[in-house]
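Visitor: only geometry, no sequence info:
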């Protein structure tokens with residue numbers, strides 16, 4: 001049976017591109033928000049869902065982190081990493097020198113901040129729900145407008161390309177999480193994501209938690225925090241480590257960590273992304 005995979009839509013987004021790369025034979029279904037994708041997976045409406053989780057320039061996608069922290073019945077099954085190549089487009093007949101508003105997703109606007117300040121210092125930047133919703137916002141604008149979108153969107157919608165590769169850094173990649181109701185079996189080349197928090201913050205608490213991994217020579221590749229949204233100054237910590245939760249050393253480190261914290265959740269163990277070209 002063909003898998004049904006949801007993604008942050010509409011059609012033409014980088015997330016659709018990641019979904020196509022992950023499962024080219026699957027039936028793809030767009031959703032308007034990251035939370036909607038997560039809910040559809042948790043409720044068994046989808047076999048899996050693809051959402052952005054981290055960009056090499058702008059860092060983590062907080063909507064996805066908060067979803068993973070709060071939503072039960074949801075794990076990271078896999079990851080996909082793709083290069084980001086931003087296009088600047090406009091309606092046909094609208095030239096760059098008359099553009100007054102530029103629409104895109106906040107992450108895309110941030111990734112092109114230097115370019116926009118240099119080339120369009122007088123244009124107003126407006127946030128859209130996605131890099132493709134930006135095209136619709138542009139087309140509906142009552143003043144001359146442009147949009148920052150993926151190359152795929154230029155093939156789907158009737159627009160003219162004003163410029164391409166406008167991101168401030170040529171090394172711009174986004175990591176996407178494939179969400180499912182269970183994570184992946186061990187492959188020998190895995191990553192494990194977890195989150196935890198303390199009810200009472202004491203000196204050395206975080207230090208000793210990280211020590212559970214150091215003592216077992218387990219590499220931590222990411223550590224950050226999100227507010228608990230319950231009180232100012234209270235945080236949930238998120239860690240990615242190399243290895244699968246089923247491996248003895250990783251399992252021991254996770255159990256040691258579990259004993260030191262008040263809230264603990266494994267977000268998933270899943271294969272590290274490897275490009276098709278090796």
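Guide: Structure received. Only a predicted model underlies this, so the values are computations on that prediction, with no experimental measurement involved.
Visitor: which SSE is residue 63 in?
Guide: Using DSSP states H and E, residue 63 sits in helix 62-70.
Visitor: and that helix, what's buried?
Guide: Across helix 62-70, burial judged by 16 or more other CB atoms under 10 Å covers 63-69. Just so you know, the C-beta spots here come from the backbone N, C-alpha and C atoms, and that holds for glycine as well.
Visitor: likewise for stretch 85-102?
Guide: Result for stretch 85-102 [16+ other CB under 10 Å]: buried residues 86-91, 94, 99, 101-102.
Visitor: how about residue 162, what does it touch?
Guide: Neighbouring residues of residue 162 by CB atoms under 8 Å, 6 or more residues apart in numbering: 88-90, 95-96, 99, 146.
Visitor: any idea how far residue 58 is from residue 151?
Guide: From residue 151 across to residue 58, the span is 19 Å (CB to CB, to the nearest Å).
Visitor: spit out the contact partners of the residue sitting furthest away from the middle of the chain.
Guide: Centroid-distance maximum for the chain: residue 93 at 34.2 Å, with CA atoms, centre = their mean. By CB under 8 Å, 6+ apart, the contact set of residue 93 is residue 160.
Visitor: now it: which helix or strand?
Guide: Judged by DSSP H and E, residue 93 forms part of no helix or strand.
Visitor: strands along the stretch 101-250 of the chain, start to end?
Guide: Secondary structure of the stretch 101-250 of the chain (DSSP state E, counting those that start in this stretch): strands at 101-104, 124-127, 145-149, 160-164, 173-180, 190-197, 220-227, 235-242.
Visitor: tell me what the first one is packed against?
Guide: Strand 101-104 is packed against strand 124-127, helix 133-140, strand 145-149, with contacts defined by 3 or more CB pairs under 8 Å, 6 or more residues apart in numbering; DSSP states H and E.
Visitor: which neighbours does the first one have in its sheet, and in what orientation?
Guide: In its sheet, strand 124-127 lies beside strand 101-104 (parallel), with partners assigned from DSSP bridges.
Visitor: and the contacts of the strand it pairs with?
Guide: Strand 101-104 has contacts (CB under 8 Å, 6+ apart) with 86, 88, 109, 112, 116, 120, 123-128, 131, 134-135, 137-138, 141, 143-149.
Visitor: rerun that using 10 Å as the cut-off
Guide: Under the criterion CB atoms under 10 Å, 6 or more residues apart in numbering, residues 86, 88, 90, 108-112, 116, 119-120, 123-128, 130-149 lie in contact with strand 101-104.
Visitor: repeat for stretch 113-126
Guide: Stretch 113-126 is contacted from outside by 57-58, 86, 88, 96-97, 99-104, 106, 109-110, 112, 134, 137-138, 141, 143-148, 162-163, 165-169, using CB under 10 Å, 6+ apart.
Visitor: can you do 8 Å?
Guide: Contacts of stretch 113-126 (CB under 8 Å, 6+ apart): 96, 99-104, 109, 137, 146, 163, 166-168.
Visitor: same question for it: list its buried residues.
Guide: For stretch 113-126, the neighbour count (16+ other CB under 10 Å) marks 115-116, 119-120, 123, 125-126 as buried.
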